[in-house]
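Engineer: my questions concern the predicted model and sequence given below.
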Amino acid sequence: MSPNPNPNPRHDSTASTAGTDSTAGTDETRTDGAGTGTPTGAGARAAALTGRTALVTGASRGIGAATARLLAERGAAVAVNYHTDKDAAETLVAAIEAAGGRALALQADVTDAARAADLVARAEQELGPVDILVANAIGVGARAGRPSPLLRTAPEDALAVVDAQLRAFLHPVRLVVPGMVERGRGTVVAVGASLSRRSPEGFGTLSMAKSALDAAVRTLAREVGPAGVRVNLVAPGLILSELATHIPEPVRAANAARTAVRRNGTPEDVAHTVAFLASEEASYLTGGYLLVDGGTAML
């Protein structure tokens, strides 16, 4: 579905030119009925998010950092949320600014309602209303990714992981989506995990948390779709980020061998999928569950 026109003059229609030409990797302009001088190909993609404001939670490293960097490259002003790693967030912002982009590092624990509200208020005051929300923060840190058999996990520990994941998603959503609905445009992309549907042994708690996130995304997509707001989820397989540092090399190698492309994923693999979903190239896609797992699920 195409979002409604935005009356806010800060937002332009640059993104609507993305994907209008099938030529990838080239800078061209259309001379046909689409309008003289409209950039296409790589030029359109590079400018696809110009005039938009993105908030990326959990953006100081890994998938979040790669996503923030790519959204900025494509023209968005980016609020880089971090919980504890201030140095990494500020280094990322400096790199974005050095490349000609606009970004701001903002500390907040998004599982806390008051702190999430302060985060969104600061982001919108400095950068403008949020058009793109990337809900990447899981809320519980690296310990959630450590294997633990479900029967050996205390119920309160499992529930804490599920609770933190939902809070990390719902608090930012409740703060920015009403504005998207009012403006008639906006995109939410949640970062889930392929293990929400294929639970490997020892990852039951994280699987439950990501399954709950899947359900929240589907429900929200149905509720706000008529208002021109799209909500999707990317589901990465094994991604070689900081959260994977505890995984032994033999396990990484075995996982790579199980993929159709014979390698593990990178944060950039996920970031490109998120950027696609955030753009008008995906204007007819909502409620989606996009696997980014190298084809593992089909094997």
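Structural biologist: Okay, I see it. It should be emphasised that the depicted structure is a prediction, and the values quoted were computed from it without experimental measurement.

Engineer: helices of this protein, residue ranges please.
Structural biologist: Using DSSP state H, the helices found in the chain span residues 41-46, 62-73, 86-98, 113-127, 155-183, 204-224, 249-258, 267-278.

Engineer: can I get the fourth one in CSV? Just the C-alpha atoms.
Structural biologist: Output for helix 113-127, consisting of C-alpha atoms alone and laid out as CSV, is shown next (Å, rounded to 0.1, in the frame of the first residue of the first chain):
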residue,chain,number,x,y,z
ALA,A,113,8.9,3.5,29.7
ALA,A,114,10.0,6.8,31.1
ARG,A,115,13.5,6.5,29.5
ALA,A,116,12.1,5.4,26.2
ALA,A,117,9.8,8.5,26.2
ASP,A,118,12.8,10.7,26.9
LEU,A,119,14.7,9.1,24.1
VAL,A,120,11.9,9.7,21.6
ALA,A,121,11.4,13.3,22.7
ARG,A,122,15.1,14.1,22.3
ALA,A,123,15.3,12.4,19.0
GLU,A,124,12.3,14.2,17.6
GLN,A,125,13.4,17.5,19.0
GLU,A,126,16.8,17.3,17.3
LEU,A,127,16.0,15.4,14.1
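
Engineer: and the angle from that helix to helix 155-183?
Structural biologist: With axes from the mean of the first three to the mean of the last three C-alpha atoms, to 10 degrees as the basis, helix 113-127 and helix 155-183 are set at 40 degrees to each other.

Engineer: the last one too?
Structural biologist: Our comparison of helix 267-278 with helix 155-183, counting by the same axes, to 10 degrees, yields an angle of 40 degrees.

Engineer: chain center to helix 267-278, what's the gap?
Structural biologist: What separates the centre of helix 267-278 from the centre of its chain is 7 Å, taken as C-alpha atoms, centre = their mean, to the nearest Å.

Engineer: give me the residues contacting it.
Structural biologist: Applying C-beta atoms under 8 Å, 6 or more residues apart in numbering, the external contacts of helix 267-278 come out as 48-49, 52, 54, 62-63, 65-67, 69-71, 74, 76, 132, 134, 187, 189, 191, 230, 232, 234, 236, 239-241, 282, 285, 288, 290, 292. In this view, the C-beta of every residue, glycine as well, is placed from N, C-alpha and C.

Engineer: so where is the stretch 101-250 of the chain shaky, pLDDT-wise?
Structural biologist: For the stretch 101-250 of the chain, applying pLDDT under 70 flags the ranges 141-146.

Engineer: correct me, but residue 47 touches residue 75?
Structural biologist: Yes - contact criterion C-beta atoms under 8 Å: residue 47 and residue 75 qualify, at 5.2 Å.

Engineer: in terms of neighbours, single out the busier of the two.
Structural biologist: Taking other C-beta atoms under 10 Å, residue 47 and residue 75 do not tie; residue 75 has more neighbours (20 against 17).

Engineer: got the phi/psi numbers for that one?
Structural biologist: Main-chain torsions, residue 75, degrees, to the nearest 10: phi 110, psi -10.

Engineer: skipping its backbone neighbours, what lies nearest it in space?
Structural biologist: Leaving aside its chain neighbours, residue 75 sits nearest to residue 50 (3.3 Å; criterion: C-beta to C-beta, 6 or more residues apart in numbering).

Engineer: measure that neighbour to residue 74 for me?
Structural biologist: Separation of residue 50 from residue 74 (C-beta to C-beta, to the nearest Å): 8 Å.

Engineer: could you do residue 90 as well?
Structural biologist: Between residue 90 and residue 74 the computed distance is 22 Å (C-beta to C-beta).

Engineer: try residue 124
Structural biologist: Distance, residue 124 to residue 74, by C-beta to C-beta: 20 Å.

Engineer: the two: who's more crowded?
Structural biologist: Using other C-beta under 10 Å as the criterion, residue 124 and residue 74 rank with residue 74 on top: 22 against 17.

Engineer: what's the separation between the more buried one and residue 190?
Structural biologist: To residue 190, residue 74 is 19 Å away according to C-beta to C-beta.

Engineer: repeat for residue 219
Structural biologist: From residue 219 over to residue 190 the distance is 12 Å, taken as C-beta to C-beta.

Engineer: of these two, who's got more company?
Structural biologist: Ranked by neighbour count (other C-beta under 10 Å), residue 219 and residue 190 place residue 190 first, with 27 against 12.
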